[in-house]
Each structure stands twice: as C-alpha cells, then as structure tokens.
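Novice: need a 3D model of the sequence below.
(one chain, ligands or ions: 1)
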Amino acid sequence: MKTYQVDENGYYGIFGGAYIPEILYSSVEKLKNAYLEILNEPAFQKEFHDLLHNYAGRPSPLYLARRLSEKYRCKIYLKREDLNHTGSHKINNAIGQILLAKKMGKTRIIAETGAGQHGVASATVCALMNMQCIVYMGATDVERQQLNVRKMKMLGAEVVPVTSGNMTLKDAANEAIRDWCCNPSTTHYIIGSTVGPHPYPDLVARLQSIISKEIMTQLQEKENRNYPDYLLACIGGGSNAAGTIFQYVDDDRVKIILAEAAGHGIDSGLSAATIHLGTVGIIHGSKTLLMQTADGQIEEPYSISAGLDYPGIGPLHANMAKQGRSEVLAITDEEAVAAAMQLTRMEGIIPALESAHALAIFDRKQFRPEDVVVLCLSGRGDKDMDTYIKMEEEKKTIISNRKSI
Ligand SMILES: *Cc1c(COP(=O)(O)O)cnc(C)c1O
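Specialist: Take a look at the predicted model:
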C-alpha cells in the first residue's frame, strides 16, 4: 500500500534521510535504533500520557466555533492546542523527548527556538526533570520575543543569542547543531519540529500524533464519525500540522489544507513560503524543499510570525505537497493579522500569529454547508500582543491620515 508515512530508510518519497557530519553519526544512529522501542514501552507510554493529562492539561478541547461556522457556512471545529500548558502544541513533543533523553541516559539538553514557544516548552520540561538546558535563539527573535526569553531564564535555562545570518530560527538551529557536535555523548538535542535528520521528523510527528488521536475520539462523540472532511493547520517546520493529520495521512476521505507564511507576498522577496518557492536541497540534516539561491545559498526567510520564518520544511510535508496529498496556501502577514483580529472578536480567542495563518484559509477556500472542518489552533496569542498592538496602531494612523487628507 502506498503510504505517506516514513519508510524504513528514513525517507518520505525523495525527501528526508540523515545528512549529518560524521561526529554525530553514532548519536543519531543510537537514537534511530532506540526511539521506536522506547516509545512503544508500556512504562514510557504510561509516563508520557500521565504527564500529557495531568501536567499539560490534555485532552485539549475540540470546540465548535459557532459564529465562525455561520460566517463561512460550514461546521468549523477548533482543536484548542492554545489551551495547553505553556501555550502551544510544543509541550507535547518536549515532554516526549525529555522522557526519551532520560531513558537514553543523557544529562544535558539543548534546543533551538524561533518564537520562543519551543524554548519555553524545553526549559519547562527540563525544570520538571531537573536537567541542564541550553536554548539557542536568534538575536532578532530574542528582541521580538522578550516575554518568552524571560520565561526561559526564570525556568532556569541558559538562553544563547545567535548573531549569524539574519539571526532567526535557521541560525539558532545551526548553533544548536554545532553544540551537539561538541557534546554528542552527554547531550540530547530536542528538535522542536518535524525537521532535522531521520529519525527526528518521525519522532516528533509520533509525539504530536496525540492531537489527531484525540480528534478521532472527539469527532466520534460529536459527529458520530471519527474523521473530518478537512483538516487545516499552519506549517513552519510542520509539527502541529503533522500531529493534526498523523492518523489521517493515508485516509483519502480527509482533505488536507495547510498554510505557510507568505510574509509580504511570495514575489516580494520577503517571505517564508518554502513549499511555493523552495527547491530540493539539504538543510539541518534533511533533504527537503528549501529557499535557496541558484548556487545553493540559503535565502533569508521573512514572516511576521517568528514561528514560521524558516527556509525549510519537514520532509513529510515536502512529499505530501509534491504528491498532491496536501494543498498548501501562502498566507500574507496582512491576511494572518486580519484573521487573528476576526477570531478574537467573533469567538473571544486571541490566537498565536502562526495559527492565524491557518485561520486565514477560510477567506480563500469555499466549503460546503455539510463539511466538517477541523483547524488546529496551535497556540495562543500572548507572545504576539506587542505585534498585534503595533499593527492596530499602524492601521489607526493610516485611517486618521486619510481623514486629514
Ligand atoms: C512553533 C509554532 C508553530 C510552527 O511550528 P510547527 O512545527 O510548524 O508546528 C506554529 N504555531 C505555534 C503556536 C508555534 O509555537
């Protein structure tokens, strides 16, 4: 049977694999040989699910958004990952990986972060498990995500600002890999998305698959069938999307629409629309689509949302998009902010800027009244309040300028 899941060599179609420096070979090999066995151990499963439930607050609700459903003439459910402890889906993966690191005898944790959500989730589970935690973060992101930086430090993590490149997520990941190369035996690298060398994309997807497992049970209760007509999610590296679709990737009844960040527009030179603009290359240990110049230099990505401005994409999503299994829309900053404002006013939920990209899909696509549409609301908007306030003020200035003319 044709499947969109990873094959035994770590590939999704032509994408994936493990392109790593020799010094990391034995660490990655050990992880590859151990992860499925550890994840399937009853003791691991018990501790993982106990923490997801009692610590992270799962299951997250599947909320029927009535006003939004009326406006867009279909049945819209929001999978409320924003209600998780630490404010996003990132905690699911962080809990799973810290348990895995402990089982593998690691004593030191490193992580990269963009918006700071994965950094906070990693620092949180390290506090919980009494492990040393070092978080690499681009200096640009340190600047625009101050609240999360303060949280990580309060949780006891060391935050290392990275000043190479355009000082965002890609550069933070480069530094984390450099650190890992220096400390391969003691250190576990908690990658925060479905990116990196095999087995990380599959490991992270499996840890996030709790999202679609819950959707199945919750839809069965609410709709008397365990699948939706559509699944919607935003994609940075692809982990909340992977978790949302995991149980359904090979189920043709379920259509998948994903939103990547178009920034100022895909032709503007300021975007992170990897699937629209990317070509095949290797980034952070994985063969995937990436934004690069004709001679293979990685292009600096841009998005208003720090969690989406990554020049690569998880190999699972590169393959699904290329095979036509998923449809990927490129959503601009402006569309995302408008969708965030609308959700806030219509449902009383302030979403993360990343999740707002997925919400903007409703203004682009027409659904039928009988369609059941599940959207992964990957995180809450607390971290983005400064950006929202600034955008509202700019809008007011433009309007008052117009009036005075
Ligand atoms: C990190 C983040 C994302 C993007 O990462 P994925 O791996 O693509 O899910 C999306 N939403 C929120 C709230 C995030 O924190």
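Novice: which residues does the residue of the stretch 1-150 of the chain found nearest the ligand contact?
Specialist: In the stretch 1-150 of the chain, the residue that lies nearest the ligand is Gln117 (3.3 Å; Cβ to the nearest ligand atom). Glycine gets a C-beta too; all of them are placed from N, C-alpha and C. Residues in contact with Gln117, defined by Cβ atoms under 8 Å, 6 or more residues apart in numbering, are 86-88, 90, 148, 192, 307, 352, 379, 383.
Novice: again, but for Tyr12
Specialist: Tyr12 makes contacts with 4-6, 201, 315-316, 318-320, as judged by Cβ under 8 Å, 6+ apart.
Novice: turn these into CSV, columns for secondary structure.
Specialist: As requested, the contacts of Tyr12 are exported to CSV (DSSP: H, G, I helix; E, B strand; the rest coil):
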residue, secondary structure
Tyr4, coil
Gln5, coil
Val6, coil
Pro201, helix
Pro315, helix
Leu316, helix
Ala318, helix
Asn319, helix
Met320, helix
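Novice: partner residues bridging the closest residue to Gly281 other than its chain neighbours?
Specialist: Among residues not flanking Gly281 along the chain, Leu290 sits closest, at 4.7 Å (Cβ to Cβ, 6 or more residues apart in numbering). For Leu290, the beta-bridge partners under DSSP bridges are Thr279.
Novice: touching, Leu290 and His284? I think so.
Specialist: No. Leu290 lies out of contact with His284 (Cβ atoms under 8 Å); the separation is 9.4 Å.
Novice: what do those two both touch?
Specialist: Counting by Cβ under 8 Å, 6+ apart, the residues touching both Leu290 and His284 are Gly312.
Novice: how far does stretch 101-119 sit from its chain's centre?
Specialist: 15 Å (Cα atoms, centre = their mean, to the nearest Å).
Novice: any idea where the helices of the stretch 201-350 of the chain begin and end?
Specialist: In the stretch 201-350 of the chain, the helices defined using DSSP state H, counting those that start in this stretch lie at 210-223, 239-245, 274-277, 315-322, 333-347.
Novice: the third one near the ligand anywhere?
Specialist: Put plainly, it is helix 274-277. No. Applying Cβ under 6 Å from any ligand atom, one finds helix 274-277 separated from the ligand by no less than 10.8 Å.
Novice: again with the last one
Specialist: No. Residues of helix 333-347 are not located near the ligand by Cβ under 6 Å from any ligand atom, the shortest gap being 11.3 Å.
Novice: please renumber the chain so that the first residue is 345 from this point on.
Specialist: Sounds good: first residue 345 from here, last item helix 677-691.
Novice: circling back: need the contacts of Tyr356 in JSON lines with neighbour count, can you?
Specialist: JSON lines is the format used below for those (neighbours: other Cβ atoms under 10 Å):
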{"residue": "Tyr348", "neighbour count": "18"}
{"residue": "Gln349", "neighbour count": "12"}
{"residue": "Val350", "neighbour count": "21"}
{"residue": "Pro545", "neighbour count": "31"}
{"residue": "Pro659", "neighbour count": "29"}
{"residue": "Leu660", "neighbour count": "30"}
{"residue": "Ala662", "neighbour count": "26"}
{"residue": "Asn663", "neighbour count": "21"}
{"residue": "Met664", "neighbour count": "26"}
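Novice: and these as a markdown table, adding pLDDT and distance to the ligand?
Specialist: Output for the contacts of Tyr356, formatted as a markdown table (pLDDT from 0 to 100; distance: Cβ to the nearest ligand atom, whole Å):
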| residue | pLDDT | distance to the ligand |
| --- | --- | --- |
| Tyr348 | 97 | 17 |
| Gln349 | 97 | 17 |
| Val350 | 98 | 16 |
| Pro545 | 98 | 10 |
| Pro659 | 98 | 13 |
| Leu660 | 98 | 11 |
| Ala662 | 98 | 13 |
| Asn663 | 98 | 16 |
| Met664 | 98 | 14 |
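Novice: which of these sit farthest apart?
Specialist: By the measure Cβ to Cβ, Gln349 and Ala662 form the most distant pair in the contacts of Tyr356, at 14.1 Å.
Novice: returning to that earlier point: contact partners for the residue nearest to Gly625?
Specialist: 618, 622-627, 642, 655-657.
Novice: now which of these would you call buried?
Specialist: Among those, the ones that count as buried by 16 or more other Cβ atoms under 10 Å are 618, 622, 625, 627, 642, 655-657.
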